[in-house]
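**Q** with the input below, show me the fold.
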Amino acid sequence: MNKPLSFCACGVAIGVALGTFSLSSAAADLATGNRVMPLRQLPGAQASNGATNFIVKYRPGSAPARDRSRVPASLAAATSRGIVVQSAQTLPRLHSVRRGATGAEIIIASRVLAPAESQALLQQLRADPDVAYAQLDTRKYALDLMPNDPQLPIYQWDLLNTVGGIRGPAAWEHSTGEGVVVAVLDTGAAPHVDLKDNLIPGYDFISWYGQSADQPDVAGDGDGRDPDATDPGDWVDASMPWCGGSSSSSWHGTHVAGTVAAMTNNGIGVAGTSWGAKVQPVRVLGHCGGLTSDIADAIVWAAGGHVDGVPDNPTPADVINLSLGGSGRCAEDPATQEAIDLATARGTTVVVAAGNQAADAVNYSPASCRNVITVGATGIGGRIASYSNYGSNVALAAPGGDPDSSAGISQGYVWSTGNEGATVAGRDILVGMVGTSMAAPHVAGIVALMQSASVGADRGALSPAQVRQLLVDSARPFPIAPPADRQIGAGLADAAGAVQLALGNPLPEPPIPGLQNGVLSSGLGGAAAQSFVYQLTVPAGTRSLNLRTVGGRGDVSLYASQGTAPTPDDAQFRSNRPGNAETIVVSNPRAGTWYLRIVGEAAFTDVGVLAITR
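**A** Presented below is the predicted three-dimensional model:
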């Protein structure tokens, strides 16, 4: 995922247009649909296709740093020393198009450099005592995949007190994120009916807009940087061979923004994690991703830093969400690290997606950068998502959805604001996606809740280091522990617990996870005598309550009671047959909260729990 431009480390996103649900007359344009979108594959590594874009930072006090007129000579010397011209080639000319927000020169070569040429050039540049660092200006991409299943009604398990949810309602009692700005660096945002009132002016930082026939049109809006962060669509077709395939517009930034702060209590669509906060869309991703140099400038600008040629941000962000990334360690991406350091030094918390390659996040940037909160993904049952990156760089996990779960479209994916346009914008819709791109904005939204709560309690704004520590301290244990070689941090993000810590209060008692009617919670495991408690709501008029354990290995027993958590001694109902296939059926059960306990009679693994009410 390393190409001549920068990369987006978003999540594996699965987009489906919303099926049937009730809308107010004010939202008649929030339509239903059955858009089918193909799986979007990440492009291959940049080195395989050659390079034209570079970032070179000269040391403070050096001649090129003091006087930009000295830069061409420095670049020409490195080119002549490092590149051996073949008979059919010409020596490339390197041109600095601008100086970036971190002081680095943004370089474009006059022709594509073969992999060996670009590496030789970098070697010569790095050997120059005037050069602090030199790197490829790689492309970053949104990590999204789109499903082809018919859409089901929205079911926001990710925000609720489900097994894998963030416990939003308990947090909203104390904070909705009011007064906080969350910058979403992504594809921009469409003015969705369920989001537009929570959007504030941002900026379009994409600098490539097809100025010449041999330069790809990344921007797609006919110009370069400007104050309009509206998403014009990021579709890819045969006229864009540098992208390596075709796909419809993702409206990725609109989905991420809705997860952060979709309008709530308006009778329309979905809720946002921090619906009292404001989202500042910053456009850095277009056709086939975006440049690292553009993303670095956007990080600095969003945090309130200065970028030459761009008006300063009048509403600097308290939180930056980066649902984007690309291959290569952050140590090889100093431009991004420097921008992040500048942002956090200004007090801005930076949240990033871990990536969707089911690989160690240490090999991806910005997931492996310092001073960020890297977020892995889980499904509705709290199990690590099949695609999620992992490793020591991941701080904690949040709902990203999982297409490999048994929850189906409505509860297997994360639902948020979107658009039905295959290329340019069409009708507003709601879209289900999965990926660490979806997990990160849950955490960014929780950070907004924390900051608003802390300031509102006269405790002052939290530093990025304090935010990270409180998120880790408040994380809930995973209901299904990740494999030892695929750790995704301290636990599941918990909005209610994080807000309590931000208020200076002790953590509340851990909640009992809830089961959803007809949704299998799988992967349960433990030792002999270990037990797990779940709860579910039985509505009035229910004729039958069916509780089961299914699959797996070992031996468990099942206990159930209405109104209180059962023990093996006082349970109202029980099933303790040998093996894992336990069943309790209750006719005409009393309405209210029911509890069930699974107890290991011997060690057990991969046991599922299912509750069905009829």
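**Q** need the contact list for the nearest residue to residue 407 once chain neighbours are set aside.
**A** In space, residue 407 comes closest to residue 380 once its chain neighbours are excluded; the distance is 4.8 Å by C-beta to C-beta, 6 or more residues apart in numbering. The way it works is simple: take the backbone N, C-alpha and C, and place the C-beta from them, glycine included. Contacts of residue 380 were listed using C-beta atoms under 8 Å, 6 or more residues apart in numbering, and they are 157-158, 162-164, 399, 401-402, 405, 407, 411-412, 516, 519, 521.
**Q** run the last query once more with 7 Å
**A** In this structure, residue 380 makes contact with 157, 162, 163, 164, 405, 407, 411, 412, 519, judged by C-beta atoms under 7 Å, 6 or more residues apart in numbering.
**Q** now those residues as JSON lines including secondary structure and neighbour count?
**A** As requested, the contacts of residue 380 are arranged in JSON lines below (DSSP: H, G, I helix; E, B strand; the rest coil; neighbours: other C-beta atoms under 10 Å):
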{"residue": "157", "secondary structure": "helix", "neighbour count": "26"}
{"residue": "162", "secondary structure": "strand", "neighbour count": "23"}
{"residue": "163", "secondary structure": "coil", "neighbour count": "26"}
{"residue": "164", "secondary structure": "coil", "neighbour count": "31"}
{"residue": "405", "secondary structure": "coil", "neighbour count": "24"}
{"residue": "407", "secondary structure": "coil", "neighbour count": "24"}
{"residue": "411", "secondary structure": "helix", "neighbour count": "26"}
{"residue": "412", "secondary structure": "helix", "neighbour count": "24"}
{"residue": "519", "secondary structure": "coil", "neighbour count": "24"}
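**Q** wait, which of those is closest to residue 532?
**A** Within the contacts of residue 380, the smallest distance to residue 532 is 10.1 Å, found for residue 163 (C-beta to C-beta).
**Q** hang on, the closest one packs against residue 521?
**A** Yes: with contact defined as C-beta atoms under 7 Å, residue 163 counts as touching residue 521 (5.6 Å).
**Q** tell me the residues that contact both of those two, please.
**A** Joint contacts of residue 163 and residue 521 (C-beta under 7 Å, 6+ apart) are residue 381.
**Q** returning to that earlier point: for the contacts of residue 380, which one is nearest residue 258?
**A** Residue 258 lies nearest to residue 157 out of the contacts of residue 380, by C-beta to C-beta, at 15.7 Å.
**Q** give me every residue that touches the closest residue to residue 195 other than its chain neighbours.
**A** Spatial nearest neighbour of residue 195, chain neighbours left out: residue 417 (4.8 Å); criterion: C-beta to C-beta, 6+ apart. Applying C-beta under 7 Å, 6+ apart, one finds that residue 417 lies in contact with 192, 194, 195, 254, 255, 257, 258, 262, 269, 270, 430.
**Q** which parts of stretch 350-366 are buried?
**A** By neighbour count, with 16 or more other C-beta atoms under 10 Å as the criterion, the buried positions of stretch 350-366 are 350-357, 359-366.
**Q** how about stretch 454-470?
**A** Within stretch 454-470, the residues that count as buried by 16+ other C-beta under 10 Å are 454, 455, 462, 464, 466, 467, 468, 470.
**Q** that older thread, name the SS class of the residue nearest to residue 195, please.
**A** Residue 417 carries the three-state label strand when classified by DSSP: H, G, I helix; E, B strand; the rest coil.
**Q** what separation do you get for it and residue 242?
**A** Separation of residue 417 from residue 242 (C-beta to C-beta, to the nearest Å) stands at 29 Å.
**Q** how about residue 600?
**A** Taking C-beta to C-beta as the measure, residue 600 falls 55 Å from residue 242.
**Q** more neighbours: those two, which one.
**A** A count of neighbours by other C-beta atoms under 10 Å puts residue 600 above the other of residue 600 and residue 242, at 21 against 17.
**Q** starting at the chain centroid, how far to stretch 575-590?
**A** With C-alpha atoms, centre = their mean, to the nearest Å as the basis, the distance from the averaged C-alpha position of stretch 575-590 to the chain average is 40 Å.
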